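Peer 1: okay, sequence plus prediction incoming.
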Amino acid sequence: MLAQVYMPTENMTEEQWLEARRAGIGGSDAAAIAGLSKWKTPMSVYLDKVGQAPKEYSSGEAAYWGNILEETVAREFSKRTGKKVRRRKAILQHPDYPFMLANVDRIIVGEQVGLECKTASEYLKNEWGGEEVPDAYLVQCQHYMAVTGFKAWWIAVLIGGNKFIYKKVERDEELIKYLIQVEKEFWENHVLNEIPPMFDGSEASTELLTHMYPVGLEDEKELPLAANGLIERYKEAKAEENKAKEQLKEAENQLKGMLGEYETGSAGNVRVIWKTVTANRFDKKAFAAEHPELFEKFTKPSTHRRFSVKELKENG
């Protein structure tokens, strides 16, 4: 099975490319739908596909530089492996599941194998240790193999701007079968029926909600019945969180008591540290009192939404 061409991308503008991607699920979308992406959620994918994603919601600097350095990573991979690579200037489509799309970085010439080019922060280097490939990228490669029918996919990454590694991901039929099912359910149950999925507890969901609803209306809204279960879950988790915080502080204080005037102590192979740290902090109150005009001039209002769950008092 080989993919068919959904749409050529040569001479396509970024706006046209983004519009074409909304016609189906791509590699990075697949990782988000499976709950394995740090940057996207099922909800953000849904909003993108139905054309409701916030315009100001973007991938940021990391994605920008990833695109800029893609050619550099591809050239270095070719240089180190001796494999010739070329662009596939088209959005590819699964012949049996037309909602599955692939905009691959490179194809290995003479082989049924592709190449995914990545850049990563130095802080993420541990995710690439040994034979490991981050889950989101593993899913992305398997999605591409599902669409193209290829037997393997190389992934090359430039870490921290000075460490280059590359690894081969073999085709996993079981994982591909799972991805097809998950993507099919998402596309048919949510996108086609315009029924949004639920937000989850990820940082990506938190960020998306902030972008979508930066300011609240003062009117009160009647929530659906499903809110009752979520409120109970919230209250239970909050109670557990408070208990955990208290236990944490208790253990911390007892350890501090054991250290006393010492900054460090050891217990087996663990070191406990209570170090003296000096920091210069800006005294905002004192500055405002002595220089009220300057304080007023350089103070800007900041708006955010504070979340809480409160019990209403019964009348009478």
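Peer 2: That came through fine. Numbering: from 1, shown residues only.
Peer 1: quick one: the strands in the stretch 201-316 of the chain?
Peer 2: Under the criterion DSSP state E, counting those that start in this stretch, the stretch 201-316 of the chain carries strands at the ranges 264-267, 270-273.
Peer 1: how about those in a markdown table, adding distance to Glu185?
Peer 2: The C-beta positions use only the backbone N, C-alpha and C, and glycine is treated the same way. Below are those laid out as a markdown table (distance: least, C-beta to C-beta, whole Å):
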| stretch | distance to Glu185 |
| --- | --- |
| strand 264-267 | 50 |
| strand 270-273 | 46 |
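Peer 1: so which of these gets nearest Lys89?
Peer 2: Nearest of the strands of the stretch 201-316 of the chain to Lys89, taken as C-beta to C-beta: strand 270-273 at 55.4 Å.
Peer 1: can you list contacts of that closest one?
Peer 2: With contact meaning C-beta atoms under 8 Å, 6 or more residues apart in numbering, strand 270-273 is reached by 255, 258-259, 263-266.
Peer 1: picking that back up, distance to Pro8, mean pLDDT and mean neighbour count added to the strands of the stretch 201-316 of the chain, as JSON lines?
Peer 2: Supplementary listing: the strands of the stretch 201-316 of the chain in JSON lines, determined by distance: least, C-beta to C-beta, whole Å; pLDDT from 0 to 100; neighbours: other C-beta atoms under 10 Å:
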{"stretch": "strand 264-267", "distance to Pro8": "63", "mean pLDDT": "94", "mean neighbour count": "10"}
{"stretch": "strand 270-273", "distance to Pro8": "59", "mean pLDDT": "94", "mean neighbour count": "10"}
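Peer 1: quick one: closest of the ones you listed to Glu296.
Peer 2: Comparing the strands of the stretch 201-316 of the chain against Glu296 with C-beta to C-beta, the closest turns out to be strand 270-273 (41.9 Å).
Peer 1: for that closest one, the distance to its chain's centre please.
Peer 2: 33 Å (C-alpha atoms, centre = their mean, to the nearest Å).
Peer 1: return the list of strands paired to that strand, each annotated with direction.
Peer 2: Note on strand 270-273: by DSSP bridges, its sheet partners are strand 264-267 (antiparallel).
Peer 1: contacts for the strand it pairs with, please.
Peer 2: Identification of contacts with strand 264-267 by C-beta under 8 Å, 6+ apart yields 255, 258-259, 271-275.
Peer 1: tell me the secondary structure for the closest residue to Gln93 other than its chain neighbours?
Peer 2: Setting aside the residues directly before and after it, Gln93 is nearest to Tyr6 in space (C-beta to C-beta, 6 or more residues apart in numbering), at 3.8 Å. Assigned state for Tyr6: strand (three-state reduction, DSSP: H, G, I helix; E, B strand; the rest coil).
Peer 1: which regions of the stretch 51-200 of the chain sit below the pLDDT cut-off?
Peer 2: Within the stretch 51-200 of the chain, the stretches falling below the threshold (pLDDT under 70) are 55-62.
Peer 1: strands along that one, start to end?
Peer 2: Counting by DSSP E, counting those that start in this stretch, the strands of the stretch 51-200 of the chain are 85-86, 90-93, 101-102, 106-108, 113-120, 152-159, 163-170.
Peer 1: and for the third one, what's in contact with it?
Peer 2: Surrounding strand 101-102, the residues in contact under the criterion C-beta under 8 Å, 6+ apart are 3, 6, 21, 23-27, 91-94, 143-144, 147-148.
Peer 1: neighbours around His211, how many?
Peer 2: Other residues lying near His211 total 15 when counted by other C-beta atoms under 10 Å.
Peer 1: on that earlier part again, and of the contacts of strand 101-102, the nearest to Gly161?
Peer 2: Taking C-beta to C-beta as the measure, Gly161 lies nearest Gly27 of the contacts of strand 101-102, at 24.0 Å.
Peer 1: what's the distance between the closest one and Met100?
Peer 2: 10 Å (C-beta to C-beta, to the nearest Å).
Peer 1: what sits in contact with each of the two?
Peer 2: Common neighbours of Gly27 and Met100, using C-beta under 8 Å, 6+ apart, are His143.
Peer 1: neighbour count: these two, which is higher?
Peer 2: Applying other C-beta under 10 Å to Gly27 and Met100 shows that Met100 carries more neighbours, namely 27 against 24.
Peer 1: doesn't Glu183 make contact with the more buried one?
Peer 2: Yes. Taking contact to mean C-beta atoms under 8 Å, the distance of 6.1 Å between Met100 and Glu183 places them in contact.
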